[in-house]
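Enquirer: Whatever this is, show me its structure:
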Amino acid sequence: MAGHGAYAAASSTQHAAAAAGVALIRPAIDDAAPAADGPPVVLADFGAATGNNSLAPLGAALAELRARHAPTRPVLVVHADIVGNDFTTLASVLETAPDRYDRGDPHVLPLMAARSLYDRVLPAGTLAFAWTASTLHWLRLPPGPVEGHFFAQLSDDAAARRRFAARSAEDWRAFLAARAVELAPGASVVAVDVLMGDDGVMGSEALFDRLAGALRGCRDAGVIDDGELERLVYPAWFRSLAELRAPFAPGFVAAGGERLELMSIEPIVEPDPFRGLLDRPAAYAAAQAGFLQGFLEPSFAAALNPARTPERRAEALEAIWARTRDAIAADPHGASPDYRLVALRVRRVS
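Expert: I've put the predicted structure just below:
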């Protein structure tokens with residue numbers, strides 16, 4: 001994610017998405033049923049980014065824990081992401097945010113983990129609850145270039161789509177295998193993520209096409225070359241309900257025999273969080289382009305020719321976002337997305 005707080009400043013879409021999973025927190029905490037006394041209860045935030053969008057759901061989990069199970073038992077809240085995450089901003093948010101979840105509770109301690117969320121982060125059997133939102137579509141590694149579009153699922157590159165789908169399936173199973181070991185029996189992970197609908201629609205096609213057009217325009221203008229255009233990809237795959245369910249058919253069993261069950265899975269449509277700006281094209285375009293830049297710029301920057309100077313790299317990126325703003329502003333209503341999301345809960349079987 002973009003550093004120095006840029007992702008947090010542009011993440012209204014991710015914040016709205018996170019709210020979709022809050023209703024699954026109470027049953028997750030109740031199923032885990034931590035005792036009133038004992039060693040610290042461990043909660044985890046997988047895909048923490050800069051923390052802003054995690055404060056409310058983790059606060060809800062803590063409220064349930066305190067009200068119904070363990071009023072004063074110590075709690076560790078572990079935030080994990082990927083190595084390139086903006087951990088500096090995350091630390092600042094956890095320390096200074098006015099709505100931080102540990103305010104007024106001296107028995108809660110936030111921590112940051114130096115491990116990828118696709119690997120083991122915590123000791124076996126210690127995790128009482130986990131949260132992840134707007135994260136699991138990100139692939140551990142980019143599976144190569146894509147022809148014709150920065151997003152594999154909107155391209156005509158069949159070979160790229162196969163590579164991305166295969167990597168997505170591997171990563172989903174890796175995430176589940178790690179959580180199967182870490183979760184205590186009865187404990188759950190609640191996830192909210194983007195969804196590819198059964199009708200093949202994800203809701204952001206028009207918005208993504210504006211960016212794809214801007215990239216091609218930059219290539220045609222000589223701002224980027226053909227090789228850079230193919231490497232400028234979103235290293236992600238929006239899973240379908242069938243792909244999310246696949247590891248549980250008939251049931252998910254980790255290498256050590258730990259079993260997970262899919263407790264619930266619910267498709268959701270999230271309206272455009274910037275729709276209030278639609279009648280102000282320039283403001284709307286700036287908001288949507290900022291949203292795209294917030295999560296894509298690090299991947300795009302890494303894909304540019306390494307021979308570029310920092311100044312030429314910055315110029316190319318700014319040209320991409322300027323063209324994107326112009327394309328969105330030309331028809332804001334046509335670019336406006338209705339996002340397909342999914343909220344699900346996975347529990348370790350006792």
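
Enquirer: low-confidence ranges in this structure?
Expert: Residues of the chain meeting the criterion pLDDT under 70: 1-18.

Enquirer: Scan it for its longest helix.
Expert: In the chain, with assignment by DSSP state H, the single longest helix is helix 158-182.

Enquirer: ok, then the element right after that one?
Expert: Where DSSP states H and E defines the elements, the next helix or strand beyond helix 158-182 is strand 183-194.

Enquirer: Figure out how far that next one is from the centre of its chain.
Expert: Taking C-alpha atoms, centre = their mean, to the nearest Å, one finds strand 183-194 lying 15 Å from the centre of the chain it belongs to.

Enquirer: quick one: the strands in the chain?
Expert: Read by DSSP state E, the chain holds these strands, from start to end of the chain: 41-46, 75-81, 108-116, 127-133, 183-194, 252-253, 259-270, 339-348.

Enquirer: Can I get these in a markdown table including mean neighbour count and distance to Pro235?
Expert: From N, CA and C alone the C-beta is placed, and that goes for glycine too. Converted to a markdown table, these look like this (neighbours: other C-beta atoms under 10 Å; distance: least, C-beta to C-beta, whole Å):
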| stretch | mean neighbour count | distance to Pro235 |
| --- | --- | --- |
| strand 41-46 | 27 | 17 |
| strand 75-81 | 23 | 14 |
| strand 108-116 | 16 | 14 |
| strand 127-133 | 26 | 17 |
| strand 183-194 | 23 | 14 |
| strand 252-253 | 18 | 25 |
| strand 259-270 | 16 | 22 |
| strand 339-348 | 23 | 19 |
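
Enquirer: export those strands to TSV and tack on distance to Ser155?
Expert: Rendered in TSV, the data for the strands of the chain read as follows (distance: least, C-beta to C-beta, whole Å):
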stretch	distance to Ser155
strand 41-46	28
strand 75-81	27
strand 108-116	27
strand 127-133	26
strand 183-194	17
strand 252-253	31
strand 259-270	24
strand 339-348	19
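
Enquirer: Spatially central residue in this protein, please.
Expert: The chain has Thr135 as the residue nearest its centroid, 2.0 Å off, counting by C-alpha atoms, centre = their mean.
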